[in-house]
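K.L.:
Sequence and predicted structure below; questions after.
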Amino acid sequence: MRAIIANFAAFAAAATAAVVPRADYGYWEVTASRNSAANGWQSKDVKAEYFNSELNETIPVHCTYSDWAGQDPKVQESCTDPSFKYDLGSDTITLTQTVELWGEKVTVSGSSPITLKCSAVTGRFCEGSTRVDVSTAIA
């Protein structure tokens, strides 16, 4: 009996973050790049634009990241929208952003494959673009 009550309580807690029941969650058009140097410096640059038919305008965002080996501060990062988060993997990008939809704040997220093509000259600057469809939206 206690196991049933514990399971029900866990289910009820999970249900408090309601998934938004809308068909059009939107998508991002995103361009991402990585760069590096022989001294250990690394950088990432992500530019994304969120599109949704419920909005009058798109929501652009630009994030930069630099890892300056041996310097202080070592890591410098910024994003024009603090709610925007990204994870740029080797062949996938995952995006999350909080936007205002249907009169409420909604956190949208999605992932997509991305191919970063590298410069033939140095092989250190790599860039790619993709469309990331929103797969979840939580109010």
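P.N.:
Looks like it arrived, so ask away.
K.L.:
Tell me where the protein has helices.
P.N.:
Using DSSP state H, the helices of the chain run over 2-15.
K.L.:
Show me where this structure dips below the pLDDT cut-off.
P.N.:
Applying pLDDT under 70 to the chain flags residues 1-23.
K.L.:
quick one: the strands in it?
P.N.:
Using DSSP state E, the strands of the chain run over residues 27-36, 42-51, 59-67, 75-79, 85-88, 92-101, 104-113, 117-118, 126-133, 136-138.
K.L.:
For the last one, name the packing helices and strands.
P.N.:
In other words, strand 136-138. Where contact means 3 or more CB pairs under 8 Å, 6 or more residues apart in numbering; DSSP states H and E, strand 136-138 is packed against strand 104-113. All C-beta atoms are positioned from the backbone trio N, CA, C, and that covers glycine.
K.L.:
Any chance you could list what contacts the strand it packs on?
P.N.:
If you take CB atoms under 8 Å, 6 or more residues apart in numbering as the criterion, strand 104-113 is touched by 20, 25-28, 30, 50, 83, 91-101, 130-139.
K.L.:
swap the cut-off to 6 Å and go again
P.N.:
Residues outside strand 104-113 that contact it (CB atoms under 6 Å, 6 or more residues apart in numbering) are 20, 25, 91-92, 94, 96-99, 130, 132-139.
K.L.:
Quick check: buried residues in stretch 68-88?
P.N.:
Residues of stretch 68-88 classed as buried: Cys79, Asp81, Phe84, Tyr86, Leu88 (neighbour count, 16 or more other CB atoms under 10 Å).
K.L.:
Could I get the CA-only coordinates of that stretch as PDB?
P.N.:
What follows is stretch 68-88, C-alpha atoms only, in PDB (Å, rounded to 0.1, in the frame of the first residue of the first chain):
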ATOM      1  CA  TRP A  68      41.300  31.200 -22.800                       C
ATOM      2  CA  ALA A  69      43.800  28.700 -21.600                       C
ATOM      3  CA  GLY A  70      46.200  30.200 -19.000                       C
ATOM      4  CA  GLN A  71      44.300  33.500 -18.600                       C
ATOM      5  CA  ASP A  72      42.000  34.900 -16.000                       C
ATOM      6  CA  PRO A  73      39.100  34.800 -16.400                       C
ATOM      7  CA  LYS A  74      39.600  31.500 -18.200                       C
ATOM      8  CA  VAL A  75      36.100  31.100 -19.500                       C
ATOM      9  CA  GLN A  76      34.000  33.900 -20.900                       C
ATOM     10  CA  GLU A  77      30.500  33.400 -22.100                       C
ATOM     11  CA  SER A  78      27.500  35.500 -22.900                       C
ATOM     12  CA  CYS A  79      24.000  35.200 -24.400                       C
ATOM     13  CA  THR A  80      21.600  37.900 -25.500                       C
ATOM     14  CA  ASP A  81      18.800  35.900 -23.900                       C
ATOM     15  CA  PRO A  82      19.600  34.500 -20.500                       C
ATOM     16  CA  SER A  83      16.800  31.900 -20.800                       C
ATOM     17  CA  PHE A  84      18.500  30.400 -23.900                       C
ATOM     18  CA  LYS A  85      20.700  27.400 -23.300                       C
ATOM     19  CA  TYR A  86      22.400  25.200 -25.900                       C
ATOM     20  CA  ASP A  87      24.500  22.000 -26.000                       C
ATOM     21  CA  LEU A  88      26.600  21.800 -29.100                       C
END
